[in-house]
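*Asks:* quick check, what structure comes out for this input:
(chains A and B)
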Amino acid sequence: MNRKLYNKFLDKSFTILGLVATLIGLVVLSALLIDVFTDGMGRLSWQFLMSYPSRRPEEAGILSAWVGTVWVMILTGLIAFPIGVMAGIYLEEYEKKTWFSNIIEINIANLAGVPSIIYGLLGLGLFVRVLALERSVLSGAATLAILVLPIIILSTREALRAVPFSIREASYALGATRWQTIRSQVLPAAMPGVLTGAILAMSRAIGETAPLITIGALTYVAFLPTSPISSEFPYISFQGIFDAFTVLPIQIFNWVSRPQKGFFTDAAAGIIVLLMITFIMNGIAVWLRYRYQKKIRW
Amino acid sequence: MKSLIAIIIMAFIVCISAKTYAAPVIKIDGSSTVYPITEAVAEEFQKIEKGKTKVTVGISGTGGGFKKFCNGETDISDASRPIKPSEVDLCKKNNIEYIELPVAYDGLAVMVNPKNNWVDYLTVKELKKMWEPAAQGKTTKWNQIRPNWPDKELHLFGAGVDSGTFDYFTEAINGKGGASRGDFTASEDDNVLVQGIATDTLALGFFGVAYYDHNKDRLKLVPIDDENDANGKGPILPEYEHVVKGTYQPLARPIFIYVSKKSADRPEVKRFIEFYMKEGGKLSKEVGYIALPDKAYGLALKRMEKRVIGSVFGGHGAQVGVKIEDLLQKE
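*Replies:* Modelled structure (predicted):
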């Protein structure tokens, strides 16, 4: 009887402990959000979003920074997502277990823990200097893409592993090749999990400052990358990816280190913009995941 | 579906992208101390150019800036100290010739907590006693500096070791650029130093005077006495007239931009430098620095027109107690 009571007590206490653990994260997050919003909300305006940086805090804006962030994020996704997913599929579905494959796997897991500034040094050496891409949007996006690759690969593998093996066997039984099985059965089923990994990866990339500062992303940029669609022939231009850029975290970092108090308010407002972009990005991914989940019918 | 979203996002970017021209870009990088002035000049310059020229400014620190500059990656380098021998060699190796132009004075302010009621002034010797390499682990109490000061711990705050500010301060106080004790709180971000000194009654630190101007209520400025009556008797504060007249010594220094000779021949770079020399004084005052005398800007502009290559400091790095117009006139 006593034993039963004790177990009940344990059960209850774990529930409470779990709740407290959850709340700690939430309380810290909301404290941060409240602090940033009270500081920066008043500064947030159309003028702030549509102006270039300035020496006067009240005239300074964040246009070049947030457009730069959107550019870099889209390009990072376009580079990292296909490579990461393909690598994940290969490692999970095709690769034979040998000592070599073990080394690859351990290294990918280790790469996920390498400090981001190391990726910046790699980007500086490889993209900026050797490939002579200069300090362009492309250099920045390629550096961030390498930074988030391990996350995408690992989460793709997790997602593929979660697809029941019976699905694959059923597909093979009907005469499908390996590629047909992966393409039409396994990958669609794994897609929600793959997308969750991609969300995490992009959310990490958007806040990175150190690797971009290392490759030499600039602080003061008062123009935007060349627009990808133009009114003149040939209507599409890739010039933008070779243009100089700045991103939100760098602009925020710079404002926080300035002496004038007005720049602190600007920085807080910049953080709100960064949070909003992260939120929109995650929203798109959640919506995509939802669509894929609905499509799965076995 | 995904492509549809991509199109929507791209279309959105297009809508807000300003109409762009293939405008030439002036690339600037370097010191965070000079950054606010260059940013202000770039801002005003781009307004009058109306999109004809683009200017980008980065912050890699004086040393990092020179590395890029001497690799031919930038047109102009911001520097809070003159170029050093190792950087002169690197530039020579890559065939980069440069024109050195002073843009303003920066006073290094020595600061304590407002609750500190014992420090009335400091001599350069006393500062050296605090900061010299031999002080590490030994000079740890205020009463070791002056016996009638309290028997309390001394907490030091200073600029990060990669900055030109650190190089200059150590040159001025310890007699050798970069030579300092290592056991102090170092930060590249001066606001961290402001915060540190403002919350610690036993603190002492140094940084650019612009940061003092915006935090007057939280810091106490310490007058400095170099015990050399030739440039002002007694302890002196880093105020405008003392810095310009050269009596706030040895902690006032000129700050520079270096222009690559190859870039200087481009018309937009020439226009930019002319604008910098014309408006730089006014703009540097606005962002918290001390303008050079008008004469100095005129001399600097002549230097640019005549393409005078090299440094007036002979490539030896930071040098203490110089009046920039004297040096320029010597040429």
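
*Asks:* got the residue ranges for the helices in chain B?
*Replies:* B:2-16, B:35-49, B:61-70, B:85-93, B:124-131, B:164-174, B:190-198, B:209-213, B:240-245, B:261-264, B:267-286, B:294-305, B:324-330 (DSSP state H).

*Asks:* want to try a markdown table for the ones you listed, with mean pLDDT, distance to chain A and mean neighbour count as columns?
*Replies:* Every residue, glycine included, has its C-beta placed from N, CA and C. Below are the helices of chain B laid out as a markdown table (pLDDT from 0 to 100; distance: least, C-beta to the nearest C-beta, whole Å; neighbours: other C-beta atoms under 10 Å in any protein chain shown):
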| stretch | mean pLDDT | distance to chain A | mean neighbour count |
| --- | --- | --- | --- |
| helix B:2-16 | 56 | 5 | 12 |
| helix B:35-49 | 90 | 4 | 22 |
| helix B:61-70 | 88 | 7 | 24 |
| helix B:85-93 | 89 | 15 | 16 |
| helix B:124-131 | 89 | 23 | 18 |
| helix B:164-174 | 87 | 13 | 25 |
| helix B:190-198 | 88 | 6 | 21 |
| helix B:209-213 | 84 | 4 | 20 |
| helix B:240-245 | 79 | 17 | 17 |
| helix B:261-264 | 88 | 15 | 17 |
| helix B:267-286 | 89 | 7 | 19 |
| helix B:294-305 | 84 | 19 | 18 |
| helix B:324-330 | 69 | 23 | 16 |
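
*Asks:* so which bits of the stretch 1-150 of chain A are right by chain B?
*Replies:* Neighbours of chain B within the stretch 1-150 of chain A, by C-beta under 8 Å from any C-beta of the partner chain: A:Met50, A:Tyr52, A:Pro53, A:Ser54, A:Arg55, A:Leu63, A:Val67, A:Val70, A:Trp71, A:Ile74, A:Glu134, A:Arg135.

*Asks:* which single one of those residues is nearest to A:Arg258?
*Replies:* Checking these against A:Arg258 by C-beta to C-beta gives A:Arg55 as the nearest, at 9.3 Å.

*Asks:* you'd agree that closest one is in a strand?
*Replies:* No. A:Arg55 is assigned coil when assessed by DSSP: H, G, I helix; E, B strand; the rest coil, not a strand.

*Asks:* in which helix or strand would I find the most centrally placed residue in chain A?
*Replies:* Per C-alpha atoms, centre = their mean, the C-alpha nearest to the average position across chain A is that of A:Met202, at 0.8 Å. Following DSSP states H and E, one finds A:Met202 within helix A:187-206.

*Asks:* which neighbouring elements make contact with that helix?
*Replies:* helix A:63-89, helix A:137-161, helix A:261-295 (3 or more C-beta pairs under 8 Å, 6 or more residues apart in numbering or on different chains; DSSP states H and E).

*Asks:* now the angle from the longest one to helix A:63-89?
*Replies:* So that's helix A:261-295. Calculated by axes from the mean of the first three to the mean of the last three C-alpha atoms, to 10 degrees, helix A:261-295 forms an angle of 30 degrees with helix A:63-89.

*Asks:* distance from helix A:261-295 to the middle of the chain?
*Replies:* 11 Å (C-alpha atoms, centre = their mean, to the nearest Å).

*Asks:* that one near chain B anywhere?
*Replies:* Yes. Helix A:261-295 reaches chain B (C-beta under 8 Å from any C-beta) through A:Lys261, A:Ile284, A:Leu288, A:Arg291.

*Asks:* let me know the pLDDT of the last one.
*Replies:* What it means is A:Arg291. Looking at A:Arg291, its pLDDT stands at 83.
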